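Generate coordinates for the sequence data below:
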Amino acid sequence: MCLAVPALIKSKKGFQAVADIEGVTREISLQLTPEAKVGDYVLLHTGYAISVIDAQEAEETLKLLREMSEAE
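Next up, the predicted model:
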């Protein structure tokens with residue numbers, strides 16, 4: 001089983017990007033999603049953006065992850 005989390009692309013240079021994940025920034029690879037652009041949400045798994053998702057889906061997923069974290 002794997003977990004991918006939504007991340008917002010803040011900047012992009014070639015196949016590398018800086019993404020924001022709930023206030024934490026990380027350098028990520030866009031090798032698998034070269035179509036991703038600044039302002040897009042991507043699903044991030046082990047440092048790789050594996051798909052581009054819409055903002056509504058990203059927000060719903062982040063909300064569920066927050067609720068799970070608060071339930072512990």
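
Show me what the helix or strand containing residue 28 packs onto, helices and strands only.
In the assignment (DSSP states H and E), residue 28 maps to strand 24-29. Contacting strand 24-29 under the criterion 3 or more CB pairs under 8 Å, 6 or more residues apart in numbering; DSSP states H and E are the following elements: strand 5-13, strand 16-21, strand 41-45, strand 48-53. C-betas here are computed from N, CA, C, even on glycine.

quick check: mean pLDDT across the third one?
This predicted structure assigns strand 41-45 an average pLDDT of 97.

Distance from the chain centre to it, please.
Relative to its chain's centre, strand 41-45 lies at 3 Å (CA atoms, centre = their mean, to the nearest Å).

coming back round to it: deepest-packed of the helices and strands packed on strand 24-29, please.
Among the helices and strands packed on strand 24-29, strand 41-45 has the highest mean neighbour count (mean count of other CB atoms under 10 Å), at a mean of 21.
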